[in-house]
Every structure is written in structure tokens, then in C-alpha cells.
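Q: With the sequence up front, the predicted model follows.
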Amino acid sequence: MKSFSKKLALITSFVVGISVFDGCARVGNDFNASHVYQIKIGQTTKNDILGMFGSPWRVGLENGVTMWTYGKYTYRAIGETDTKDLVIKFTNDDRVKSYTFNQTTD
């Protein structure tokens, strides 16, 4: 039980330390958004996307459609939140079916 208490205290101190000193949380991986405009519906393939952006941060399914997500999210206790994400849906033959790109900064 002492070991668990020590671990809990250490984790709590770490989290509080991050909140007090840094005031921000980061999730995801950065990606080069300038390549977004090279994506062509029905033409760009999964391999093309891998070449442009690397491995996706998340992979999922929506109604049987494969989706890849690239995203970088920075949340701050004080100041602006910076987010950037790209969600790509693929056809059964691994071509881009649709995509959505959003960001809060330039």
C-alpha cells in the first residue's frame, strides 16, 4: 500500500508541476500543412499521403470507411489554444475519398 501511495503522490506532483509551470498540454504530432493543398479527391493514394505527412497520429473507421487523422493540439491554461488537424477518408481502393483540414493558427 505504501508503494501505491508513493506512486500516486509522485504522479500528482508531476501533474501539478506541469500545470503550474508550463500551463499547457500537448497532444498529437505536428505535420506539414502546406501539403494539404496537394491532395486530390479520387487521385491521391494512401502511399501519397504517407509520403506527404508520414504515419497518421490516429487511424479509425467511420461506417466502414478507413480514416486517418493527423493532428497537433496545444491547450493552454492562459492564452490561445493552438490546434491543427487533418482527417482523411479513403475509398476501398486506397484513394482519398474526402478530407477535412482545420487550424486555429496560421
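A: Received the coordinates, thanks. Numbers count the residues shown, from 1 in each chain.
Q: where's the spatially most central residue of the chain relative to R26, distance?
A: The residue lying closest to the centre of the chain (CA atoms, centre = their mean) is G71, at 2.4 Å. Separation of G71 from R26 (CB to CB, to the nearest Å) stands at 11 Å. Just so you know, the C-beta spots here come from the backbone N, C-alpha and C atoms, and that holds for glycine as well.
Q: Also D48?
A: 28 Å.
Q: quick one: which of the two has more around it?
A: Legend: neighbour count by other CB atoms under 10 Å for D48 and R26, higher for D48 (17 against 13).
Q: What are the contacting residues of the helix or strand where that one lies?
A: Per DSSP states H and E, D48 falls inside helix 46-53. Here helix 46-53 makes contact (CB atoms under 8 Å, 6 or more residues apart in numbering) with 31-32, 35, 38-39, 68, 70, 86, 88, 90, 94-96.
Q: can you do 7 Å?
A: Residues from elsewhere that reach helix 46-53, judged by CB atoms under 7 Å, 6 or more residues apart in numbering: F31, N32, H35, Q38, W68, Y70, I88, F90, D94.
Q: Stretch 68-82 too?
A: So stretch 68-82 is in contact with 19, 23-31, 49, 53, 56-59, 83-88, 104-105, going by CB under 7 Å, 6+ apart.
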